[in-house]
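Q: Build the 3D model from these lines:
(one chain, ligands or ions: 2)
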Amino acid sequence: MQRRSFNLVIAVDGPAASGKGTIAKAVARHYGLPHMDTGALYRAVGLAVLRRGGQPGDAATAEAAARALDLSLLEDRALRDAATSEAASGVAVHPGVRQALFDLQRAFAAQPGGAVLDGRDIGTIIAPDATAKLFVTASPEVRAARRQAELASRGEVRSFDEVLADVRKRDARDAGRDAAPLVQAGDAALLDTSDLAIDAAVQRAVALVENRIGAMRERG
Ligand SMILES: Nc1ncnc2c1ncn2[C@@H]1O[C@H](COP(=O)(O)OP(=O)(O)OP(=O)(O)O)[C@@H](O)[C@H]1O
Ligand SMILES: Nc1ccn([C@@H]2O[C@H](COP(=O)(O)O)[C@@H](O)[C@H]2O)c(=O)n1
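A: Ligands and ions are numbered 1, 2, ... in the order given. Down below sits the predicted model:
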C-alpha cells in the first residue's frame, strides 16, 4: 500500500439501509483503517431509553442516557431491532444528545492515520474536512426490501409495507430535524446503490475515494 503523507479520513453518510455501513466497513478494510458505525451510538442511546421505560422524545431522559452511554449496549442483540431504529431516530433529534456523542466521534475521526465513519452528519459536522465524502443512497423501496430481508434473517418478520413506512418515517425525521439534519455535503460524491450489488457498490466507492486522494496529491 502506498504511504500517505496525510490522514485519510473518509466520511460516509446516507439514509437508512442505503448500504453505507456495508460500504464503510469494506472501504475501511481496503485502506487498513479503523471504522466507526456512528448510528450504533444513537441506537445504544435509544435502547437505553427504552430499557428505562422512557420516551425517546423526552430530551432530558435521552440526554442523560447519552451522557452515561453504556457501551455494552453496542453488543446487545436488540441494537438492530426495528424498535431500536425508531428510538435511535427519536433521540437523535435532541441537540444535547448529539453534543454528548460529539467528542467521541470527533476523536475517532482525528486519530493518526485516519479513519472511516458512517452516519448522517459525518461529512457536514463530525469531519467537515474529510479527505473523501460519500453520500450513499438507494430508492426507498430497495432500502426497505434490504432491511426487511435483514430483519427476517435475524428472526424479526415484518411486512414490506411496514418496513417501507418505517424507512420513510425515519428519512423524514432525520432530514427534517433542526440539529445536524441528514443532507448531502456540498463536496460529497453521490453513490446510488439501487442497482448495484454489494461488490460493485464497494468498487465504485473505492474508485470515488481514489479520485479524491489523487486530487489531494495533485494539490500537494
Ligand atoms: N448494494 C447492496 N445490494 C444488496 N444488499 C445490500 C447492498 N448494500 C447493503 N446491502 C444489505 O442491506 C442491508 C442494509 O445495509 P447496511 O446495514 O449497510 O445499511 P446502512 O445504510 O448502514 O443501514 P442503517 O443506516 O439503517 O444502519 C444489509 O443487510 C446489507 O447486507
Ligand atoms: N451520525 C448519525 C448516525 C445516526 N443517526 C441517527 O441514528 C439512527 C440510527 O442510525 P443507523 O445508521 O443505525 O440507521 C438514524 O435514523 C439517525 O436518526 C444520526 O442522527 N447521526
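Q: for the protein, what spans make up the helices?
A: 20-31, 38-51, 59-67, 82-91, 95-109, 140-153, 160-176, 198-219 (DSSP state H).
Q: among those, which is nearest ligand 2?
A: Closest approach to ligand 2 among those (CB to the nearest ligand atom): helix 38-51, 2.3 Å. Every residue, glycine included, has its C-beta placed from N, CA and C.
Q: Give me the distance between Ala11 and Ile125.
A: Separation of Ala11 from Ile125 (CB to CB, to the nearest Å) stands at 10 Å.
Q: My error: substitute Glu63 in the last question.
A: 17 Å.
Q: pLDDT at the residue most central in space within the chain, what is it?
A: Centre of the chain computed as the mean C-alpha position; nearest residue by CA atoms, centre = their mean is Gly119, 2.1 Å away. Per-residue pLDDT puts Gly119 at 98.
Q: picking that back up, mind putting the helices of the chain in JSON lines, distance to Phe6 included?
A: Output for the helices of the chain, formatted as JSON lines (distance: least, CB to CB, whole Å):
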{"stretch": "helix 20-31", "distance to Phe6": "12"}
{"stretch": "helix 38-51", "distance to Phe6": "22"}
{"stretch": "helix 59-67", "distance to Phe6": "32"}
{"stretch": "helix 82-91", "distance to Phe6": "33"}
{"stretch": "helix 95-109", "distance to Phe6": "13"}
{"stretch": "helix 140-153", "distance to Phe6": "33"}
{"stretch": "helix 160-176", "distance to Phe6": "31"}
{"stretch": "helix 198-219", "distance to Phe6": "7"}
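Q: Dump those helices to JSON lines, plus mean pLDDT, distance to ligand 2 and mean neighbour count.
A: Compiled in JSON lines, these are given as follows (pLDDT from 0 to 100; distance: least, CB to the nearest ligand atom, whole Å; neighbours: other CB atoms under 10 Å):
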{"stretch": "helix 20-31", "mean pLDDT": "98", "distance to ligand 2": "7", "mean neighbour count": "20"}
{"stretch": "helix 38-51", "mean pLDDT": "98", "distance to ligand 2": "2", "mean neighbour count": "23"}
{"stretch": "helix 59-67", "mean pLDDT": "98", "distance to ligand 2": "12", "mean neighbour count": "19"}
{"stretch": "helix 82-91", "mean pLDDT": "97", "distance to ligand 2": "4", "mean neighbour count": "22"}
{"stretch": "helix 95-109", "mean pLDDT": "98", "distance to ligand 2": "7", "mean neighbour count": "17"}
{"stretch": "helix 140-153", "mean pLDDT": "97", "distance to ligand 2": "9", "mean neighbour count": "17"}
{"stretch": "helix 160-176", "mean pLDDT": "97", "distance to ligand 2": "5", "mean neighbour count": "16"}
{"stretch": "helix 198-219", "mean pLDDT": "94", "distance to ligand 2": "16", "mean neighbour count": "15"}
